[in-house]
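Chemist: Just the structure for this:
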Amino acid sequence: MKRTLQSLAEQLGARLVGDGSAIISRIASPQSATPDSIVFVEDAKHLDAALASPAAAVIAGEFAAKTQRKPLLLAAQPRLVFARAA
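Modeler: Okay, the predicted model is just below:
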């Protein structure tokens with residue numbers, strides 16, 4: 001998987017917030033993320049860790065919509081979007 005965040009958002013049916021030009025090569029946990037990764041959080045409790053990770057972007061629910069620190073893929077069912085990205 002090597003694609004732009006914009007094309008990944010379109011493929012997954014997620015709403016992109018932020019710059020969609022980042023190249024995503026892998027999915028990862030916040031703890032193992034690299035600058036070409038996308039990570040997933042299911043709740044606000046783990047959002048700060050995901051945003052602090054080196055990942056290029058975060059898949060999250062609408063609870064993260066006001067976050068501007070990193071590009072986001074927002075979805076009503078972020079776990080499902082993450083599974084489809086894998």
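
Chemist: CA atoms for contacts and neighbours, from now on please.
Modeler: OK.

Chemist: mind listing the strands in this structure by residue range?
Modeler: According to DSSP state E, the chain carries its strands in the segments 3-4, 15-17, 23-24, 26-27, 37-40, 57-60, 72-74.

Chemist: what would the ones you listed look like in TSV with mean pLDDT, mean neighbour count and distance to His46?
Modeler: Below are the strands of the chain laid out as TSV (pLDDT from 0 to 100; neighbours: other C-alpha atoms under 10 Å; distance: least, C-alpha to C-alpha, whole Å):
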stretch	mean pLDDT	mean neighbour count	distance to His46
strand 3-4	95	14	24
strand 15-17	96	20	18
strand 23-24	96	21	21
strand 26-27	94	20	16
strand 37-40	95	26	9
strand 57-60	96	28	10
strand 72-74	97	28	14
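
Chemist: Same list (those strands) but as a markdown table, adding distance to Asp48.
Modeler: Converted to a markdown table, the strands of the chain look like this (distance: least, C-alpha to C-alpha, whole Å):
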| stretch | distance to Asp48 |
| --- | --- |
| strand 3-4 | 23 |
| strand 15-17 | 17 |
| strand 23-24 | 20 |
| strand 26-27 | 18 |
| strand 37-40 | 12 |
| strand 57-60 | 11 |
| strand 72-74 | 13 |
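
Chemist: so which of these comes closest to Lys66?
Modeler: Across the strands of the chain, Lys66 has its closest neighbour in strand 15-17 (9.2 Å, C-alpha to C-alpha).
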